[in-house]
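# return a 3D structure for these sequence lines:
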Amino acid sequence: MNQKYRESLTEINTIFNLMKKEYIIKIPNKLKQFICDNMDKNYIPNINVNKKLSEQNIKQATKILLSLIYRNYWCDEEKRKILLEKEIISENKKNKKYDYNELFFENKMTKNQEKIENNKLILKKERFWNKILRKIKEIIK
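Modelled structure (predicted):
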């Protein structure tokens, strides 16, 4: 396992040790055991008990893991549904933004628009020359 994740697991374990038992009981023993087995025993996290969790200087991976634990074990069903819907919407937006077909189609549209714009310019030039030729012909006659 990556060192960054081991340190994040250490931070999570430290946070768990500071939490009320009612929250810790909701977490499966298998997950708690996984955290204890894989955390970095040499890493000492800097958790200040006088600050809120949102004010702590913790790793991004720790925040993500805590949010997943919150969603899966600590929040009620209604809140869980809302969080899952938001997650699905976010994933759909991300997938649409980076979808191969969308990128290809958008690129193709841009090229087609450039061709149309170039054709318009050429047509305007032709019309201008046609006007000049017509004027010359009128003068000659």
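
# mind listing the helices for the chain?
Using DSSP state H, the helices found in the chain span residues 3-18, 21-24, 29-38, 60-69, 77-97, 100-140.

# what separation do you get for residue 83 and residue 36?
Residue 83 is 27 Å from residue 36, where distance means Cβ to Cβ, to the nearest Å. Yep, even glycine has a C-beta here, placed from its N, CA and C like the rest.

# just to revisit the earlier point, which one of the helices of the chain is the most hemmed in?
helix 3-18 (a mean of 17; mean count of other Cβ atoms under 10 Å).

# could the helices of the chain go into a markdown table alongside distance to residue 51 and mean pLDDT?
Shown next, in a markdown table, are the helices of the chain (distance: least, Cβ to Cβ, whole Å; pLDDT from 0 to 100):
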| stretch | distance to residue 51 | mean pLDDT |
| --- | --- | --- |
| helix 3-18 | 11 | 94 |
| helix 21-24 | 18 | 94 |
| helix 29-38 | 22 | 95 |
| helix 60-69 | 14 | 93 |
| helix 77-97 | 24 | 86 |
| helix 100-140 | 43 | 61 |
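
# nothing else from me, thank you.
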